[in-house]
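In: With the sequence up front, the predicted model follows.
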Amino acid sequence: MIKSLTFFFIAFLWTFPARSHLFDIYEHKLTNGITVLVVENHKAPIVKQMVWYKVGAVDEKLGKGGTAHLLEHLMFRGSKKIPDGDFNRIMQINGAESNAFTSHDYTAYHQNLDISKLELAMALEADRMQNLDFSDEAFLIERDIVFQERKQMVENNPLSIFYETLQKDLWQFSPYAKPVTGQENEILSLSKKDVMDFYKNYYTPENVVIVISGDIQAQTAFKLAEKYYGKIPVRPTAKKAHFPQINNYTQTKLFMKLPRAQLPRIVRRYIVDSYNTHPEKIYALSVLSAYLGEGDTSQIYKELVVKRKKAIGVSSSYDYAARGQGTFNFSLIPAQGVSTEELTIALDEAIANAIDNINHEKITKVKNKMLAGLIYLKDNPFDAAYIVGSLYTIGMSKEDIQNYADYINQVDAQSVRQAAQEIFTTVPMVEGVVIPQNNGEPNE
Amino acid sequence: MNKKFFSIILLITVCGISLFYVSKNKIKVEDIIENSELKHQGFSMPVVEIISPKHGIKAYLLEDNTNPIISMNFLFTQAGYALDDNGQEGISKLTAAIIAEAAGEFDSQEFKEILEDHAISINYKVDVDDFSGSLLTTKQFSSLAFDLLKQTLLKTRIDYKDLKRIKKQIYALLKAQTENPNQQLSLLANKELFPNHPYGKNPLGKKQDIKKISSGDIKKFITSKLGQNNLIVGIAGDITVDEAQKMLDEIFGSLPIVDTNNEIQPVSPYLASGFVHNNQNLPQNIAFIGANAAKRLSKDFYPLYIANHILGGSGLNSRLNQAAREKEGLTYGIYTGLYIPTKTSMIIGGFSTTAENFNRVEEILIDQWCKLGKEGVSSEELNIAKNYLLNSYNLRFADITNISEMLVYMQKENLGIDFLQKRNTYISDVTLEQVNQAAAKYFNSQNLRLISIGKFN
């Protein structure tokens, strides 16, 4: 009886309405080249400001790994107008949650605030965009802090050496091969000049995207952005990273036995198209990833975890939001008693089967699943700022962000099949296997 | 939610503290705020208590029609992992992992597909005290969502193959605990601080116990622990009082009355036997801070909350972060916070630092901890802390799921239905004397224990 009720719902299956925007984004360009994006959300009198710089670890010079990240830290260490420590103190007094992050492709600074404090945050961001000034002492302390950060966030994780090596093997001579934090010896050899050069070369108006998301009218936000950011002088931007093609025949295998690891893992990564290399291809690849391994109803999860019991965990993901190429990933944890060799063979079989079984009905189902939850994204203004900012900063147009649901809807079975065939035959990939060093332990 | 102008107290304190900056910075902080085009607004948060007509199930409801979505959080008290029976340690975690795996006539795959197709999410989890669930749905599919949720509770379906698979996944989590230094530290701290109390248990349970748990045991857990008399519900979003009341009857009305006389004993963390330095070969040492704190409804709570914020609360301005991070660059971060489960109340915290810095950071921690107790805080520090706590208050309303969680928390801790309106007054009313009294009581060398792993000399 309940079943029939459910079938009733399925018959009228609702998806994120076609032609409905993921977000309504308002876009405005200041005369100095700064882009301002606004997403209105009037549920509470709060706002998130994010200042995105289209520069990250990929733009660092050889041997200077960690520059972008250290600069991100030093941006909190004072300007010509704000002494060291005051940025954080002013934000704190005014109830802001303020932080920043660095990735390969970009660097972002952000504040969650009461709407009445937005102008203050704009004034402070505009100031450090052009007046950064920190002491030699602050520089050395902050360099020690990022050294400790790498120890904490990367090296204390028993698997980080595996993932960093995997990244290096996959990307070879691409700037994506190196870790965002830089290596320890690189961090400790960075100079104040390295960081200030990076700042002058890249923190230029044309590299800046400001996202304001929350309880504000777009026109008001534009006016305020003009007031605080509009007078920042134009400066030339230095040459940015080049993303070389990786040879298609490169298929690397990595095997590690790690002393602190307790569970074996298998990871596969493929270099594929991103929004920047082939914008029209990303939707089929997204559907393919959802179809193959996103969630407990996906094809290879069902096959390897539920049916054949070869793995206790399986997932896939696809990252198209990159300035260079994108990646398509699988990660798996073998079931007890299943060797990593056995599981990789089973994975290949499961992928091949899943591709053979692609049909209109299955792809429609996957697309519905992907689109159904998008409405929740309209709830939290802080999440919206992050999504819009990260996509726009890597080069996605406002229209393409807004119309994401439409593009997913347009994907058909044939294009998913084609995307799969391309990935699994002709792109560079790495397969990494890690097993615990003390693998001979008793079974239970 | 309707907006309206909020308490004037807030504006006065903001202006008061901003004066301090006007002379110091070339950026005129006060002027910018004063002349800001966007003024501070409070907004009404009309939480109502509703009672279902048939079964008298109570809930807090906050209606918000901004988006056509509904979030509900609910918890069952005295069903947390600390209360797992001996020989069945891990049953609450296992139940939480499997209760929404399948339901009624739907096997696991069918059930998950229906949820996914309609963007409904149903999740259960367990903490030390309570067993809790959450539902997120669009208004359009809310009837279906309520029905599916009800089935997880009343037509629980445990297929043998699912149970076997989920047990294996939990065994893997148990293994993963041993490779993750933070989890290792947390397990060690549980044991050290609660050596003879169920709070010292591993949240995942014991492998030998989990192995023996049958689907019958899980069903018994559900019928004996998830009742309408130990239930707390919070609802937020696009749902009317009428609709919510009907839903409460429908979902929770048929739950049994369960035995709530199996409470565990109140406990204080065991601080007596000195600091623990457990040698392990790690790239960086990590430490857990534990101490006694005030109960949630004690008069010391808000004073201690503020004192803690000044010592090690959020942001880099805390005394500990200033001393250990910003001035000496010894750590990426050091923090403290209040952790108040049902049967104890604690100040907890932590830091990570390489072995050669460890003694220095430990020394800074002890110094700052005791100094706060002995000397208290200045009125300027108090103002800064209050301003942060008051001004950041509205940020918690960004997410509907947060709101429904807050509604549950308000009821669980007996904070009153007007808590959201009154909370800022509770903060602004705290005096310097109260903060310093609480600081003296809690921040002293007798009330501090450090448990750490890494390389020690």
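Out: Great, that's in hand.

In: Contact residues of the stretch 251-400 of chain B facing chain A?
Out: B:282-284, B:286, B:314-317, B:322, B:325-332, B:352-354, B:357, B:384, B:387-395, B:397-400 (C-beta under 8 Å from any C-beta of the partner chain). Just so you know, the C-beta spots here come from the backbone N, C-alpha and C atoms, and that holds for glycine as well.

In: out of the residues you listed, which are inside helices?
Out: B:357, B:384, B:387-391, B:400 (DSSP state H).

In: and of those residues, the nearest to residue B:448?
Out: The nearest member of these to residue B:448, counting by C-beta to C-beta, is residue B:357 at 19.3 Å.

In: Residue B:334 is in contact with that closest one, correct?
Out: No - the pair residue B:357 / residue B:334 is not scored as a contact, 11.2 Å apart, by C-beta atoms under 8 Å.

In: among the ones in helices among the residues of the stretch 251-400 of chain B next to chain A, who's most crowded?
Out: The residue in these with the most neighbours, by other C-beta atoms under 10 Å in any protein chain shown, is residue B:388 (26 neighbours).

In: now residue B:237, nearest residue through space, not along the chain?
Out: Take residue B:237 and drop its neighbours on the chain: the residue closest to it by C-beta to C-beta, 6 or more residues apart in numbering or on different chains is residue B:70, 3.9 Å away.

In: Parallel or antiparallel, list what pairs with the helix or strand harbouring that neighbour.
Out: Residue B:70 belongs to strand B:69-76 when assigned by DSSP states H and E. Applying DSSP bridges, strand B:69-76 is found paired with strand B:131-138 (antiparallel), strand B:231-237 (antiparallel).

In: Looking at these, which is nearest to residue B:305?
Out: Nearest of the strands paired with strand B:69-76 (C-beta to C-beta): strand B:231-237, 21.9 Å.

In: number of nearby residues for residue B:154?
Out: Neighbour count for residue B:154, taken as other C-beta under 10 Å: 18.

In: Residues in contact with stretch B:432-439: which ones?
Out: B:294, B:300, B:302-304, B:306-307, B:310, B:372-373, B:376-377, B:379, B:382 (C-beta atoms under 8 Å, 6 or more residues apart in numbering or on different chains).

In: For chain B, give me its nearest residue in chain A.
Out: Closest approach between chain A and chain B, counting by C-beta to the nearest C-beta: residue A:95, at 2.2 Å.

In: follow-up on the earlier one: what's the offset of the helix or strand just after the strand holding residue B:70 from the middle of its chain?
Out: With elements assigned by DSSP H and E, the helix or strand that comes after strand B:69-76 is helix B:91-98. How far helix B:91-98 lies from its chain's middle: 19 Å, per C-alpha atoms, centre = their mean, to the nearest Å.

In: any idea how far residue B:215 is from residue B:167?
Out: Using C-beta to C-beta, to the nearest Å, residue B:215 is found at 11 Å from residue B:167.

In: Please say which of the two ends up with more neighbours.
Out: The neighbour comparison of residue B:215 against residue B:167 (other C-beta under 10 Å) goes to residue B:167, with 19 against 15.

In: Check that one and give its pLDDT.
Out: At residue B:167, the pLDDT value in this model is 97.

In: what helix or strand is it on?
Out: Going by DSSP H and E, residue B:167 is part of helix B:160-179.

In: circling back: point out the ones among the contacts of stretch B:432-439 that are inside strands.
Out: Judged by DSSP state E, the contacts of stretch B:432-439 include no members of strands.

In: In CSV: these, plus pLDDT and neighbour count.
Out: Putting those into CSV (pLDDT from 0 to 100; neighbours: other C-beta atoms under 10 Å in any protein chain shown) gives the following:
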residue, pLDDT, neighbour count
B:294, 97, 20
B:300, 97, 18
B:302, 98, 20
B:303, 98, 24
B:304, 98, 25
B:306, 98, 25
B:307, 98, 32
B:310, 98, 22
B:372, 98, 25
B:373, 98, 22
B:376, 98, 20
B:377, 98, 21
B:379, 97, 10
B:382, 97, 22
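
In: Can you tell me which of those is nearest residue A:249?
Out: residue B:310 (60.4 Å).

In: Identify the residues contacting the closest one.
Out: B:318-319, B:372, B:377, B:381-382, B:385, B:435.

In: State the pLDDT value of the residue found closest to residue B:387 once you drop the neighbours it is linked to in the chain.
Out: Leaving aside its sequence neighbours, residue B:387 sits nearest to residue A:93 (C-beta to C-beta, 6+ apart; 4.7 Å). Looking at residue A:93, its pLDDT is 93.

In: Residue A:93: neighbouring residues, count only.
Out: Residue A:93 has 25 nearby residues by other C-beta under 10 Å.

In: Wait, it touches residue B:389, no?
Out: No - using C-beta under 8 Å, residue A:93 is not in contact with residue B:389, being 10.8 Å away.

In: picking up where we left off before, narrow the residues of the stretch 251-400 of chain B next to chain A to those that are buried.
Out: By neighbour count, with 16 or more other C-beta atoms under 10 Å in any protein chain shown, these hold B:282-284, B:286, B:315-317, B:322, B:325-326, B:328-332, B:352-354, B:357, B:384, B:387-395, B:397-400 as buried.

In: Flag the shaky bits of chain B, pLDDT-wise.
Out: In the predicted model of chain B, residues B:1-25 satisfy pLDDT under 70.

In: From residue B:75, how far out is the closest residue to chain A within it?
Out: Scanning chain B for proximity to chain A using C-beta to the nearest C-beta identifies residue B:391 as nearest, at 2.2 Å. From residue B:391 over to residue B:75 the distance is 30 Å, taken as C-beta to C-beta.

In: that older thread, okay if I get the ones in helices among the residues of the stretch 251-400 of chain B next to chain A as a markdown table plus distance to residue B:142?
Out: Below are these laid out as a markdown table (distance: C-beta to C-beta, whole Å):
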| residue | distance to residue B:142 |
| --- | --- |
| B:357 | 54 |
| B:384 | 44 |
| B:387 | 40 |
| B:388 | 38 |
| B:389 | 35 |
| B:390 | 35 |
| B:391 | 35 |
| B:400 | 13 |
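
In: Would you map the strands across the chain?
Out: In the absence of a named chain, chain A is used. A:25-29, A:35-40, A:46-53, A:97-102, A:107-114, A:208-214, A:251-258, A:265-272, A:311-319, A:326-334, A:429-436.

In: Sorry, I should have been clearer: chain B.
Out: Going by DSSP E, chain B shows strands at B:3-4, B:42-43, B:47-51, B:58-63, B:69-76, B:121-126, B:131-138, B:231-237, B:276-279, B:285-292, B:334-339, B:346-353, B:449-454.

In: and the angle from the fourth one to strand B:69-76?
Out: This means strand B:58-63. 160 degrees (axes from the mean of the first three to the mean of the last three C-alpha atoms, to 10 degrees).

In: Any idea which of the strands of chain A gets closest to residue B:427?
Out: Checked against C-beta to C-beta, the stretch from those lying closest is strand A:107-114, at 14.8 Å.

In: Dump that closest one to PDB, restricted to CA.
Out: The C-alpha trace of strand A:107-114 is given here as PDB (Å, rounded to 0.1, in the frame of the first residue of the first chain):
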ATOM      1  CA  THR A 107      43.200  31.900  -2.900                       C
ATOM      2  CA  ALA A 108      40.200  33.300  -1.000                       C
ATOM      3  CA  TYR A 109      39.500  35.400   2.100                       C
ATOM      4  CA  HIS A 110      36.100  35.400   3.700                       C
ATOM      5  CA  GLN A 111      34.000  36.800   6.400                       C
ATOM      6  CA  ASN A 112      30.500  35.800   7.700                       C
ATOM      7  CA  LEU A 113      29.000  39.000   9.200                       C
ATOM      8  CA  ASP A 114      26.000  40.800  10.400                       C
END
